[in-house]
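Q: I'd like to go over a predicted model; first the sequence, then the structure.
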Amino acid sequence: MSALTLASAPEDAEALEAAERHHVRLAGELAGRAAMLLTAADRDPGAAERIRAGLVAFCDRELLPYATAEESVLYPAARSLPDSRLLIESLIAEHSCMTALVDALRAAPAPTGAAADARALQVLFEEHVAKENGLVLPLLAVAPGVRLATLLEEMHERVSSATPADDRSDSQASGADADRTVETAQEGCGCGVHAEEAVPELDVRSVPHALRHATVFGALDAVPAGSAMVLVAPHDPLPLLAQIEQRNPGRFAVEYLQRGPEAWRLRLGHR
């Protein structure tokens, strides 16, 4: 069933589809960052710390403000619908669990613990948005007297106002500082081992197709300049590479390490 058949007005159908795309982007970026943290935890503790800091900044900048806006705007409208109260209360409880996992990730003393927290957060968020996409948004889209498009517009305004431009710049600056710290440590270790020997690997063969590209984009956002990641795909990812270039022109150099038949392995170097 399409979004158009679920919505009582064309603008609500468009808003429902846009909300689903936004959920895919958030879930994909979270999955990509969590996967990078998991692979770096055992190979390169310094890189793992940088990825952890970037993941926390992403949650503070996008994930948690979005949850807060949902509770202020979307959930009150959904709670008023018949037989939806328990569903909304369970989703609010999941928001509390997500906040607790972000706090645990923020305070994690070791990379392995941080990776476990990140994986738990990823699983919880994917289950959470599946309920929103499959239950909450369709219910609101067909509810008499409810304009889903208006609710979502107000939500995104709240998210934008909750994260001023100065705060976003501070988060990006903090990430850049973390990158420089890691690079300095790598350059000055004196061990004679090049940092590329610890390049993290992202295997997307088991990632659902709807999340695959967003997962790669999220992982690439965790790769600092001068570093790289290895992408493992089930086919030659030419459309994905075109999207990466369109999204970040000239930023990533691509080197094929393996060309099938069961897997394609590519090194993506951040120039």
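A: Cool, got the structure.

Q: and residue 117, what is it in contact with?
A: 101, 104, 105, 108 (C-beta atoms under 8 Å, 6 or more residues apart in numbering). All C-beta atoms are positioned from the backbone trio N, CA, C, and that covers glycine.

Q: close enough to count as contact, the first one and residue 121?
A: In this case it means residue 101. Yes - counting by C-beta atoms under 8 Å, residue 101 touches residue 121, with 4.3 Å between them.

Q: that older thread, so which of the contacts of residue 117 sit within strands?
A: For the contacts of residue 117, membership in strands holds for none, with DSSP state E as the criterion.

Q: More neighbours: residue 101 and residue 121, which one.
A: Each of residue 101 and residue 121 has its neighbours counted (other C-beta atoms under 10 Å); residue 121 has more, 24 against 21.

Q: Name the helix or strand for the more buried one, please.
A: helix 111-131 (DSSP states H and E).

Q: C-terminal to that helix, what's the next element?
A: Reading on from helix 111-131 to the C-terminus, the next helix or strand found by DSSP H and E is helix 137-142.

Q: Now do that following helix: which elements does it pack against?
A: With contacts defined as 3 or more C-beta pairs under 8 Å, 6 or more residues apart in numbering; DSSP states H and E, helix 137-142 has these neighbours: helix 3-6, helix 10-43, helix 75-79, helix 148-162.

Q: helices or strands next to the third one in the packing?
A: It refers to helix 75-79. Secondary-structure packing of helix 75-79 (3+ C-beta pairs under 8 Å, 6+ apart): helix 85-107, helix 137-142.

Q: Enumerate the positions of that helix that are buried.
A: 75, 77, 78 (16 or more other C-beta atoms under 10 Å).

Q: which residues sit in contact with the first one?
A: If a contact means C-beta under 8 Å, 6+ apart, then residue 75 has 88, 91, 92, 136 as its contacts.

Q: rerun that using 10 Å as the cut-off
A: By C-beta atoms under 10 Å, 6 or more residues apart in numbering, the residues touching residue 75 are 67, 69, 84, 87, 88, 89, 91, 92, 95, 132, 136, 151.
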